[in-house]
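> Could you look at this predicted model? Sequence included:
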Amino acid sequence: ETGVTQSPTHLIKTRGQQVTLRCSSQSGHNTVSWYQQALGQGPQFIFQYYREEENGRGNFPPRFSGLQFPNYSSELNVNALELDDSALYLCASSSPLTAGANVLTFGAGSRLTVL
Amino acid sequence: SQQGEEDPQALSIQEGENATMNCSYKTSINNLQWYRQNSGRGLVHLILIRSNEREKHSGRLRVTLDTSKKSSSLLITASRAADTASYFCATGPGYSSASKIIFGSGTRLSIRP
C-alpha cells in the first residue's frame, strides 16, 4: 500500500508566476484535501475534492484552483503568485464515506518560496 | 480561520514526565482528531474521538472530549525525546463524515533529555 506522494518537494517562483503542485492519493482513498501551512502556523484548509468535483472550499481567492483526476490524484494550481503564498502546501487523502470519518493521510508537502 | 485553538502554544518538559495539551473549538462537531507534525513534514494522524465519546486511549495517548465546553485534551504519558513535535487538534465542523477538517494553531512540544 503506497502512501500520499507530493511533487515537487521544493520550488522557488517569482511574484506573478503560476505554479502547479501534484499529489497522488493513498491506494483506496477517493477524497483529496489541500492545505496551506505558513511557518509556525496550523494548516489552513484550501479545498477538498471528491469524485473530481470540488466539495468544500476555505477562505482562499479564485486564483487557487484544483483538479482531481479519475485515478483520484490531484493538482493544486496557484496563479499570479504573491509573496504571502510562500508556505508548505500539504495534500491529504481520505476515504470518509467508507471509514465513517474524514481521517487524513498526509503527504510530506511541497515547500513553495515566492521571491 | 482556525476552528480550534490549542493551549499552550509551546510546552517544554523533562523526559519521562507527562504532557497535556488542550484544544477549544467553536462549532458543533462530528468528531475531533489529533495529529502530530515533525518539523517541516506532513502531519500524522494520532487518534480520533467521536462526539458521543468522552475518553479514548491509544498506547501512551489519552484523549478527552467535553462537547458542552467545546474542548478536548491530549495527554502523552511517560514522554520520550521522540515525542518532540507539534501537535494539532482538528475538527469536522458538521455532522457529515465527509466534512472538511479544520486544524488549530498547534502546540509545540519539546522533550528535554
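Received the coordinates, thanks.

> contacting residues for the closest residue to chain A within chain B?
When scored by C-beta to the nearest C-beta, chain B has residue B:42 as its residue closest to chain A, at 3.6 Å. Placement of C-beta: from N, CA and C, glycine included. Neighbouring residues of residue B:42 by C-beta atoms under 8 Å, 6 or more residues apart in numbering or on different chains: A:4, A:90, A:92, A:106, A:107, A:108, A:109.

> Just confirm the fourth one contacts residue A:88, I think it does.
Put plainly, it is residue A:106. No: counting by C-beta atoms under 8 Å, no contact exists between residue A:106 and residue A:88, whose distance comes to 10.6 Å.

> Pick out whichever of the two has more residues nearby.
Counted by other C-beta atoms under 10 Å in any protein chain shown, residue A:106 and residue A:88 do not tie: residue A:106 has more neighbours, with 25 against 21.

> What residues does chain B have near chain A?
Proximity of chain B to chain A is assessed by C-beta under 8 Å from any C-beta of the partner chain, with B:1-2, B:30-31, B:33, B:35, B:40-45, B:48, B:50, B:88, B:90, B:92, B:97-106 identified as the residues in range.

> In chain A, what residue spans correspond to strands?
Counting by DSSP state E, chain A has strands at residues A:5-7, A:10-13, A:19-24, A:31-37, A:44-50, A:53-57, A:64-68, A:74-78, A:87-94, A:105-106, A:110-114.

> Sheet partners, orientation included, of the longest one?
Going back to what we said before, that points to strand A:87-94. When pairing is defined by DSSP bridges, strand A:87-94 lines up against strand A:31-37 (antiparallel), strand A:105-106 (antiparallel), strand A:110-114 (antiparallel).

> the inter-axis angle of the first one versus strand A:53-57?
So that's strand A:31-37. Here strand A:31-37 points in a direction 40 degrees away from that of strand A:53-57 (axes from the mean of the first three to the mean of the last three C-alpha atoms, to 10 degrees).

> buried sites along stretch A:34-45?
Of the residues in stretch A:34-45, those with enough neighbours to count as buried (16 or more other C-beta atoms under 10 Å in any protein chain shown) are A:34, A:35, A:36, A:37, A:42, A:43, A:44, A:45.
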